[in-house]
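Q: Pasting the sequence and the predicted model now:
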Number of protein chains: 2
Amino acid sequence: MGYIKGLKCRECGREYPVEPIYVCEFCFGPLEVAYDYNSISKAVSRKKIEKREKNLWRYRELLPIDGEPQVGLDSGFTPLLRADNLAKALGVDELYIKDDTVVHPTLSFKDRVVSIALTKAKEFGFDTVACASTGNLAHSVSAHGARAGFKRFIFIPASLEASKIIASLVYEPNLVAVDGNYDDVNRLCSEIANKYRWAFVNINIRPFYAEGSKTLGFEIIEQLGWKAPDNVVVPCASGSLLTKVWKSFKEFRDIGVIRELDTKVFAAQATGCSPITTAIKQGVDVIRPVKPSTIAKSLAIGNPADGYYATQVIKETGGYGEDVSDQEIIEAMKLLARTEGVFAETAGGVTLATAKKLIEAGRIKRNEVTVICITGNGLKTQEALHGHTAVPYYIKPNLASFEEVMKTIK
Amino acid sequence: MGYIKGLKCRECGREYPVEPIYVCEFCFGPLEVAYDYNSISKAVSRKKIEKREKNLWRYRELLPIDGEPQVGLDSGFTPLLRADNLAKALGVDELYIKDDTVVHPTLSFKDRVVSIALTKAKEFGFDTVACASTGNLAHSVSAHGARAGFKRFIFIPASLEASKIIASLVYEPNLVAVDGNYDDVNRLCSEIANKYRWAFVNINIRPFYAEGSKTLGFEIIEQLGWKAPDNVVVPCASGSLLTKVWKSFKEFRDIGVIRELDTKVFAAQATGCSPITTAIKQGVDVIRPVKPSTIAKSLAIGNPADGYYATQVIKETGGYGEDVSDQEIIEAMKLLARTEGVFAETAGGVTLATAKKLIEAGRIKRNEVTVICITGNGLKTQEALHGHTAVPYYIKPNLASFEEVMKTIK
């Protein structure tokens, strides 16, 4: 038995039953899951959570399912690394990397949202799952969906990196490459979702799916020893992750799992696709759509569904937003790898480069506790590094040849 | 305080102190770590282990360190998946995947051995670590070594897949590409190890390093509910992993953590590099070196250091060995992905294809409990799949174009 009261329009507050719907019929606002927090606060405690398996379902009372978890029993609870080398490089005292480069099974935070979406799809009785994706979601729906026994339709922009395409195809979904960018793919999928009775995880299942992102925030607080950080830096594509991380922090406070909450939330985008951070920097509420052009393809959503809500979180918490160039992204990927041994995808480069910028600008204070959310693995976007790393020393298989190299190394 | 008694020659039994040495001065046999099992059996219990953090150091009394763990505090304790879809496809009752595709930080079982090797290198006071690698070890030494603050020299065959090279370079080690195969690289590294005071994890640190593989076996037993499986299928490169998995099972029995042990151990190789399984199938003790030619480059060791010991484990346990073609490897990679949502590297394809063959031949019984060891992530060897997956459906961004595709899908 879950703790969902129903769905509720984020704009007009109108309530709906728990169904695979996502838009308010009256004001066209997005629907969100409403919980019975009173009951949850009685049912949940730190002790109870700590006794459970180390996966994302340890926070199950705050996730929108009615029965038992069915998908993603090995997903989540990724490391929170204390990043002392990186902290030193950036000149701050206490820095953490929330490391979703190793989420089971497909190495990005999308395995979190898909775990919830597919469990919910089972509860709703769907036999087919689908998604519009910039790559990571494609992998996760393909993989989780395979194991859970769903038929799968995956829609991607045809321009996606070849490696991200192969990494979907191996799971043998129906992969549909659309001649257009993510926003085109998304529009098409909305049409398809109207016609076919499929569980489109980020369309008609979106209210449930999006809740999965909260697990990233719950874990951060638990892994910090049941404390919220002073600052959290979150990459933005649709903006949903950022809003949900903040929601998770507030929920933990509201149900009494933590007492204090004074976190500033910061948004990270690539300059080549920065509708959200541009609005933040300009101090406006209107998100102006853009045509994406960045190596951070997993963040390349030009018309972000939750962009407005993301800007409101920034305002509410006193955070800020910044965007970074492709060159800064690559430099940050290498910085993270050489200091902390973590190989992040381009989106991770965005987040770290943004954090660096915010520290340098004094927006993030050097003596505060900061968490940087690294949401996917670098093996997914290796192409971005071609020509941007050092090259190997090439030698013959003998000691003399190696000694020649040693002369050149200081 | 650790439980190491010293090093001991595996051939003549001569004993040595705990030092960065690896060969017996008298008989040239390999040295192995000797423990004080009496004290360990008093110090370790299931309960004690269960209370610890879920990483590979939860078995620390059986690992060759003297002080506190220093590297790899987030490595290990990967999922053991009950693989019911795959079991059905293969016609067996109870099958598990030990899933090292998600080991922190570099997604292969090498993160286990390197965690131990680098902790030991710190205890010995080295400031530089090095390795000869077919790729996965390069990633792990590059990454773990970066975070731990070591200078790093990584030696690889120049023919390695481009993606495996980039995935090392991002951590900014000194990467040396040798014009030769792995065995050539290894020979050269032995020479270099004689000259420079470096911790070569798989040469002078090898006795300690190799012990890290036991954690894979410890985890299997714990995750099966403190029971050893009937069968375990292990991929072989040097043969070390297989011998250590068996050693871990025996240690758990010998110190009383489990009572019964009746496991058959099976070796998996690619036909293009099968010196160990060839010896097993021919029933001989002599490993005849080969020139590797297989897509499973992480297993391409033609002259395997522990090949002989691997064959002895097979004999002792009543197991067997098999080898599989490149085509079978690819088919198995896809089978694993579409049934269980796990994308394994080529070595994982070798192990699964071998298991399939052994089941079909009746060597692995259909009503027994079998564990298949998947030791690395498929994103590392994506090139192997080029031209071997289905292709996407390409469409225009409109419903009509998609409907054309739907007509072709049954």
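A: Received the coordinates, thanks.

Q: CA atoms for contacts and neighbours, from now on please.
A: Will do.

Q: Now the lowest-mean-pLDDT helix or strand in chain A: buried residues?
A: Within chain A, no helix or strand scores below helix A:162-169, which has a mean of 90 by mean pLDDT, DSSP states H and E. By 16 or more other Cα atoms under 10 Å in any protein chain shown, the buried positions in helix A:162-169 come out as A:163, A:164, A:165, A:166, A:167, A:168, A:169.

Q: Would you format the residues you listed as TSV with distance to residue B:336 included?
A: Putting those into TSV (distance: Cα to Cα, whole Å) gives the following:
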residue	distance to residue B:336
A:163	19
A:164	18
A:165	18
A:166	15
A:167	13
A:168	13
A:169	13
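
Q: Can you classify the residue nearest to residue A:66 when sequence neighbours are not counted as helix, strand or coil?
A: Spatial nearest neighbour of residue A:66, excluding adjacent residues (Cα to Cα, 6 or more residues apart in numbering or on different chains): residue A:2 at 4.2 Å. The three-state label given to residue A:2 by DSSP: H, G, I helix; E, B strand; the rest coil is coil.

Q: Isn't residue A:2 up against residue A:65?
A: Yes. Between residue A:2 and residue A:65 there is a contact at 5.7 Å, judged by Cα atoms under 8 Å.

Q: neighbour count winner among the two?
A: The residue with more neighbours, out of residue A:2 and residue A:65, is residue A:65; 22 against 16, by other Cα atoms under 10 Å in any protein chain shown.

Q: Contacts only, for that one.
A: Contacts for residue A:65 were tallied using Cα atoms under 8 Å, 6 or more residues apart in numbering or on different chains; they are A:2, A:3, A:4, A:116, A:119, A:120, A:123.

Q: ok, and the most crowded of those?
A: Neighbour max across the contacts of residue A:65 (other Cα under 10 Å) = residue A:116, 29 neighbours.

Q: So that residue is in contact with residue A:208, correct?
A: Yes. The pair residue A:116 / residue A:208 is scored as a contact, 6.8 Å apart, by Cα under 8 Å.

Q: any common contacting residues for the two?
A: residue A:64.

Q: helix, strand or coil for residue A:394?
A: Of the three states, residue A:394 takes strand under three-state DSSP.

Q: Quickly note the distance from the closest residue to it other than its chain neighbours to residue B:188.
A: Among residues not flanking residue A:394 along the chain, residue B:177 sits closest, at 4.8 Å (Cα to Cα, 6+ apart). Per Cα to Cα, to the nearest Å, residue B:177 is found 12 Å from residue B:188.

Q: Give me the more crowded residue out of these two.
A: Higher neighbour count among residue B:177 and residue B:188: residue B:177, with 22 against 19, using other Cα under 10 Å.

Q: That one belongs to a strand?
A: Yes. Assigned with three-state DSSP, residue B:177 falls within a strand.

Q: list the contacts for the nearest residue to residue A:237 once chain neighbours are set aside?
A: Spatial nearest neighbour of residue A:237, chain neighbours left out: residue A:299 (4.2 Å); criterion: Cα to Cα, 6+ apart. Going by Cα under 8 Å, 6+ apart, residue A:299 touches A:134, A:235, A:236, A:237, A:238, A:269, A:270, A:273, A:347.

Q: Tell me the confidence at the fifth one?
A: pLDDT, the model's per-residue confidence, is 96 for residue A:238.

Q: Please list all residues in contact with it.
A: A:299, A:301, A:303, A:304, A:305, A:306, A:307.

Q: I'd like those written out as a markdown table, with pLDDT added.
A: Listed next are the contacts of residue A:238 as a markdown table, based on pLDDT from 0 to 100:
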| residue | pLDDT |
| --- | --- |
| A:299 | 95 |
| A:301 | 93 |
| A:303 | 95 |
| A:304 | 96 |
| A:305 | 94 |
| A:306 | 97 |
| A:307 | 98 |
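
Q: Put together JSON lines for those residues, with secondary structure on each row.
A: What follows is those, written out as JSON lines (three-state DSSP):
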{"residue": "A:299", "secondary structure": "helix"}
{"residue": "A:301", "secondary structure": "coil"}
{"residue": "A:303", "secondary structure": "coil"}
{"residue": "A:304", "secondary structure": "coil"}
{"residue": "A:305", "secondary structure": "coil"}
{"residue": "A:306", "secondary structure": "coil"}
{"residue": "A:307", "secondary structure": "helix"}
